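In: Pasting the sequence and the predicted coordinates here, then a few questions.
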Amino acid sequence: MASVTFKKIVQDLSSKDSVKNLIQDFKKLSAELKTKAHTLDINLHDSKAVHQAKAKYREIINTLNNSQAKIDTEVNKALDLIRTSATEVEKNILTYKKAALAQKEKLEKMIKTGRSNKSSRAKSSASNTMRAKKATSTKKAKARTSTKKSARPRLDT
C-alpha cells in the first residue's frame with residue numbers, strides 16, 4: 001500500500017515541467033564532470049610530478065622489500081638459535097633428571113640399609129649407654145676419693 005502511494009507521488013513529480021528541467025540539468029552536469037575528469041586523468045598521467053612520485057613510490061617499495069628480506073633472514077637466524085638452545089636445554093634437563101634419579105635411588109638404598117642397621121644399632125647403642133653410665137659413675141667415685149684425700153692434712157711432714 002505504501003509502495004503504491006510512493007509510486008503515485010513519483011509520477012506526479014516527474015510530470016511537472018520544473019522537475020523535468022532539473023533532471024536535465026543534472027544530466028548535463030554529470031556529462032561535463034565526466035569529460036573534465038577524463039581530461040584531468042590525462043593531464044595527471046602526463047605530469048612530471050606524477051612521474052617523479054611514481055618513481056619515488058617504486059624506490060620505497062624496493063627498499064621495503066629489501067628490508068623485509070633482511071628481517072626475514074634475521075628472524076630465521078634467531079629461530080635457529082632458539083631451536084638449538086632449546087634442544088641443548090632439553091638434553092641438559094634429561095642429564096640432570098638422570099643424575100637426580102640416580103641420587104634418589106642411592107639415598108633410598110641408604111635409607112633402606114639405615115633402617116635395617118638401625119635396629120642393630122639400637123641394641124648396640126643401648127649397651128653403649130650402659131657402658132657410658134658405668135664409666136661416669138666410676139669417674140665420679142674416683143673424683144670423690146681424690147677430693148677426700150686432698151682435703152685431709154698430711155701428718156708426715
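Out: The structure has been received and is ready for your questions.
In: where does this structure dip in pLDDT?
Out: Low-confidence segments of the chain (pLDDT under 70): 1-2, 6, 41-46, 116-157.
In: just the strands in it please.
Out: Taking DSSP state E as the test, none of the chain falls into strands.
In: Next up, the contacts around residue 110.
Out: Under the criterion of CB atoms under 8 Å, 6 or more residues apart in numbering, residue 110 has no neighbours. Using the backbone N, CA and C atoms, a C-beta is placed for each residue, glycine as well.
In: From residue 24, how far out is it?
Out: Look at residue 110 and residue 24: by CB to CB, to the nearest Å, they are 109 Å apart.
In: show me where this protein has helices.
Out: In the chain, the helices defined using DSSP state H lie at 2-14, 17-46, 48-151.
In: got the contact list for the first one?
Out: Outside of helix 2-14, the residues within contact range by CB under 8 Å, 6+ apart are 19-20.
In: Tell me which residues of it come out buried.
Out: Across helix 2-14, burial judged by 16 or more other CB atoms under 10 Å covers no residue at all.
In: Next, the angle helix 17-46 makes with that helix.
Out: If you take axes from the mean of the first three to the mean of the last three CA atoms, to 10 degrees, helix 2-14 sits at 90 degrees to helix 17-46.
In: Run a quick neighbour tally on residue 19.
Out: 13 (other CB atoms under 10 Å).
In: What separation do you get for the nearest residue to it once chain neighbours are set aside and residue 57?
Out: In space, and not counting its chain neighbours, residue 19 is closest to residue 13: 5.2 Å by CB to CB, 6 or more residues apart in numbering. Here the criterion is CB to CB. By it, residue 13 lies 49 Å from residue 57.
In: got it, and residue 96?
Out: For residue 96, the distance to residue 57 (CB to CB) stands at 57 Å.
In: What of residue 69?
Out: The value you get for residue 69 to residue 57, if CB to CB is used, is 19 Å.
In: ok now do residue 86, which residues does it touch?
Out: Contacts of residue 86 (CB under 8 Å, 6+ apart): none.
In: Count the neighbours of residue 40 for me.
Out: 10.
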